[in-house]
Each structure stands twice: as structure tokens, then as C-alpha cells.
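Peer 1: my questions concern the predicted model and sequence given below.
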Amino acid sequence: MGNYVSNALSYGHTQREVVKMAMDAGGCGGEYRQARRHCNGRENAADVQACIKATADLRRCMDGNQCHFKNFIKTMEEGLDQDDQRRSGTYSVPEAERWRWRWWTGMIRS
């Protein structure tokens with residue numbers, strides 16, 4: 001019968017790979033992996049500070065290659081704005097977008 005993988009799961013995996021490859025191709029693969037590592041599962045103030053630093057390092061790296069990362073920078077900024085609005089209760093993700101993988105999830109701006 002084979003393995004069944006939901007469309008949303010398959011999409012998320014594909015998007016993860018696309019983002020990883022794009023980050024590597026643009027020279028920011030290490031910064032991206034550091035940001036993902038430091039921003040997942042934050043538990044205390046030191047974790048938050050490490051996440052803020054890693055997010056800033058990633059953003060600086062992407063700014064250094066704006067030709068390659070123009071759309072990533074725009075998407076990340078819009079997504080972080082939405083995350084701030086969600087935390088303050090002024091934004092809710094539209095139903096049609098809830099299944100999308102948000103590669104910047106957990107990252108924090110300084």
C-alpha cells in the first residue's frame with residue numbers, strides 16, 4: 001500500500017529543504033542553522049538573548065547578499081511583524097495560511 005504523507009507535511013518538508021538550499025547558496029547557511037537552533041525551545045532569558053543575537057546575525061548575513069535574499073528578507077520582516085502582532089493579540093493568521101511553514105518561526109528581532 002505504501003506510505004501516506006499528508007500534503008501539508010510533504011509541503012513543509014519540501015519548503016524546509018528549499019530554504020536550507022537557498023540559505024547555503026547565498027552564503028548564510030551557518031547563520032540560518034544557528035538561528036533555528038537557538039530560537040527553538042527557548043526556556044529562559046539566556047535562550048531569548050541567544051535567539052535575538054542569532055536572528056540579528058542571520059539578518060546581517062542576508063543584508064550582505066540582498067540580490068539573493070531580497071524576497072527572504074521581505075518575508076522574514078513581514079512574518080516577524082505578524083508574530084509581534086499575534087503576541088499582542090492584534091493579528092490572527094488567516095485560515096488559508098495556517099498550514100504554511102513559516103521558516104522564521106521562533107526568531108526574535110532585537
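Peer 2: Yes, it's here. Residues are numbered from 1 along each chain as shown.
Peer 1: the helices in this protein, which residues?
Peer 2: With helices called from DSSP state H, the chain shows them at 7-25, 29-39, 45-63, 66-88.
Peer 1: now tabulate those in a markdown table and tack on mean neighbour count, distance to E95 and mean pLDDT.
Peer 2: (C-beta placed from N, C-alpha, C; glycine too.) Below are those laid out as a markdown table (neighbours: other C-beta atoms under 10 Å; distance: least, C-beta to C-beta, whole Å; pLDDT from 0 to 100):
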| stretch | mean neighbour count | distance to E95 | mean pLDDT |
| --- | --- | --- | --- |
| helix 7-25 | 13 | 13 | 78 |
| helix 29-39 | 19 | 26 | 93 |
| helix 45-63 | 17 | 28 | 93 |
| helix 66-88 | 14 | 14 | 89 |
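Peer 1: and those helices as JSON lines, adding distance to G106?
Peer 2: Formatted as JSON lines, these follow (distance: least, C-beta to C-beta, whole Å):
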{"stretch": "helix 7-25", "distance to G106": "14"}
{"stretch": "helix 29-39", "distance to G106": "4"}
{"stretch": "helix 45-63", "distance to G106": "7"}
{"stretch": "helix 66-88", "distance to G106": "9"}
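Peer 1: which of those sits closest to W103?
Peer 2: helix 7-25 (4.6 Å; C-beta to C-beta).
Peer 1: for I73, what are its contacts?
Peer 2: By C-beta atoms under 8 Å, 6 or more residues apart in numbering, the residues touching I73 are R59, M62, D63, Q66.
Peer 1: do you know how far it is from S92?
Peer 2: Look at I73 and S92: by C-beta to C-beta, to the nearest Å, they are 24 Å apart.
Peer 1: same thing with Y32?
Peer 2: 27 Å.
Peer 1: one more: A22?
Peer 2: Distance from A22 to S92, by C-beta to C-beta: 28 Å.
Peer 1: next: Q49.
Peer 2: In terms of C-beta to C-beta, Q49 sits 28 Å off from S92.
Peer 1: what do you get for D84?
Peer 2: 13 Å.
Peer 1: ok, now D57?
Peer 2: 30 Å.
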